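**Q** need a 3D model of the sequence below.
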Amino acid sequence: MRILFVHQNFPGQFRHLAPALAARGHEVLALADVAHKTNPTQVRTLYYKSPVKNRLKGIGATFADMVACGEMVGGACAQLRERTGFVPDVIFGHNGWGEMLFLREIWPEAKIINYAELVYRSRGLDSDFDPEFQQTDLKARMATTARAAHILQSMIDADAAQSPTAWQASSFPPLLREKITVIHDGVDTDEVRPDPAAELSLGEGKPVLRAGDEVLTFLNRNLEPYRGYHIFMRALPAVMAARPNAQVVIVGGEGQSYGRAPQSGTWKQIFLDEVKDRLDLTRVHFTGKIARPAFLSLMQVTRVHAYLTYPFVLSWSMIEAMSAGALVIGSRTGPVEEVIRDGVNGRLVDFFDVEGWSAALTQALAHPSLDDPLRAAARATAIERYDLQRVCLPRLIRFVEEIAAVL
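**A** Numbers count the residues shown, from 1 in each chain. Model (predicted):
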């Protein structure tokens, strides 16, 4: 087959699937935003130049940006067909940025698959979850609904779709949900595994952390409310007071991935300032973003890993932490509850329960041996349900090949 992957930040969710399909003899091509040209890729990749964003104001601004992106991608694809004669059998693309909007106009004969990560809703998901930072008036609800328009249009036009979790698939309207097959992107459990000899240096003048040490970790791409950074920081003073030997490692950038940016400064500093007078800052280590080898070592040495999220996209890192044998204490929100069962393969705490977080983290740091069965069960969950090579990748390959063969 000829398969075209479309993803502004390629390879993104297709980093394993695209080369695996190429290895099976299919002709694989990818299209990405030239702004991400430095991303390493194992398949031939072409690039488009994304349009300037935020040209409009108001609730329709996001849709206008997505249409402009779709127009640019459509133009690039039309040139590809006209100049080379390339006609894909399957187009598989992420529908989050408007790239998939007009591809049916260029290749009406192709089968189109959407990567259906999430669709926005004004009620019941992320947009009205946290009243401290989110507006829920009519204008805010209209803006959220408008943000979903390009995703829903892409899904209507698609032949099929894939979602990584059942909870994320459930965000889509029932009429579209029947198009979605739930297959996780996969975690390499052979790479991400427990290592009793693991260690990680935090840098000059800072401690070297080793497996068995009293280490508490919190990690996200950026430190922000969507991933519960504010709740974690508010719980931290009580934890550190109760556990005077604990080392706390907080990984993440200071930018914005989801939700709104603060009016000034960074979320990282805002919530650090809120509690810093009650912290022993010599034991709190902000690393910024870290390379993958350091991340793996950190998950192998941590005694307790805290993971919080709004009802939103589930992070790969949570399942990778489980695969590394870490005890994950997660927020009792839909995406986490799909994976973690409280007291079976991890622990759950209500997202907003600051005192509950302090108590759960303190207990887990103080009595690690009590949670050894949960650590073992967490890794078993990662292997049985999310293993890349044995479970997820074979299903993804079969899914793509069957779409071309059957539809």
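**Q** quick check, Leu374 in a helix?
**A** Yes: assessed with DSSP: H, G, I helix; E, B strand; the rest coil, Leu374 lies in a helix.
**Q** quick one: contacts for it?
**A** Contacts for Leu374 (C-beta atoms under 8 Å, 6 or more residues apart in numbering) come out as 327, 343-347. Where C-beta positions appear, they are placed from N, C-alpha and C, glycine not excepted.
**Q** looking at the residues you listed, which is nearest Phe133?
**A** Nearest to Phe133 among those is Arg347, at 25.4 Å by C-beta to C-beta.
**Q** re the thing from before, can you turn the buried part of the contacts of Leu374 into a PyMOL selection?
**A** Only the buried entries of these go into this PyMOL selection, using 16 or more other C-beta atoms under 10 Å:
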select buried, resi 327+345+346+347
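**Q** mind checking which of the contacts of Leu374 land in strands?
**A** Applying DSSP state E to the contacts of Leu374, the entries found in strands are 327, 347.
**Q** which of the contacts of Leu374 sits closest to Arg395?
**A** So of the contacts of Leu374, ranked by how close each gets to Arg395 (C-beta to C-beta), first place is Asn345, at 21.5 Å.
**Q** separation between that closest one and Ala359?
**A** Computed as C-beta to C-beta, to the nearest Å, the Asn345 to Ala359 distance reads 20 Å.
**Q** for the top helix by length along the chain, packing partners?
**A** Ranked by residue count and defined by DSSP state H, the top helix of the chain is helix 61-84. Counting contacts by 3 or more C-beta pairs under 8 Å, 6 or more residues apart in numbering; DSSP states H and E, helix 61-84 packs against strand 27-33, strand 44-48, helix 103-106, helix 138-147, helix 149-157.
**Q** rerun that using 7 Å as the cut-off
**A** strand 44-48, helix 103-106, helix 138-147, helix 149-157 (3 or more C-beta pairs under 7 Å, 6 or more residues apart in numbering; DSSP states H and E).
**Q** okay, these, which one's buried deepest?
**A** helix 149-157 (a mean of 20; mean count of other C-beta atoms under 10 Å).
**Q** what lies in contact with that one?
**A** The contact list for helix 149-157 (C-beta atoms under 7 Å, 6 or more residues apart in numbering) reads 63, 66, 95-96, 98, 100-101, 104, 112, 114, 116, 119, 161, 172, 176, 179.
**Q** ok, 8 Å please
**A** Residues outside helix 149-157 that contact it (C-beta under 8 Å, 6+ apart): 62-63, 66-67, 70, 95-96, 98, 100-101, 104, 112, 114, 116, 119-120, 161, 172-173, 176, 179.
**Q** how about stretch 131-148?
**A** Residues contacting stretch 131-148 (C-beta under 8 Å, 6+ apart): 59-60, 62-63, 119-123, 127-128, 225, 230, 259-260.
**Q** just name the closest of the contacts of Leu374 to Ala380, please.
**A** Ala380 lies nearest to Asn345 out of the contacts of Leu374, by C-beta to C-beta, at 7.4 Å.
**Q** how distant is the longest helix of the chain from the center of its chain?
**A** Helix 61-84 sits 25 Å away from the centroid of its parent chain (C-alpha atoms, centre = their mean, to the nearest Å).
**Q** begin at 4 from here
**A** Right, with 4 as the first residue, what we last looked at is helix 64-87.
**Q** buried set for it?
**A** For helix 64-87, burial by neighbour count (16+ other C-beta under 10 Å) applies to 64-73, 75-77, 79-80, 83.
**Q** just the residues you listed now: which is nearest Pro338?
**A** Thr65 (22.5 Å).
**Q** closest one to Leu284 among the helices and strands packed on helix 64-87?
**A** So among those, helix 141-150 is nearest, using C-beta to C-beta, at 36.5 Å.
**Q** any chance you could map the helices in the stretch 104-253 of the chain?
**A** 106-109, 141-150, 152-160, 169-172, 177-180, 232-245 (DSSP state H, counting those that start in this stretch).
**Q** how about the ones you listed in JSON lines, adding distance to Glu387?
**A** Below are the helices of the stretch 104-253 of the chain laid out as JSON lines (distance: least, C-beta to C-beta, whole Å):
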{"stretch": "helix 106-109", "distance to Glu387": "36"}
{"stretch": "helix 141-150", "distance to Glu387": "35"}
{"stretch": "helix 152-160", "distance to Glu387": "30"}
{"stretch": "helix 169-172", "distance to Glu387": "16"}
{"stretch": "helix 177-180", "distance to Glu387": "25"}
{"stretch": "helix 232-245", "distance to Glu387": "29"}
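**Q** how many neighbouring residues does Arg393 have?
**A** Arg393: 12 surrounding residues under other C-beta atoms under 10 Å.
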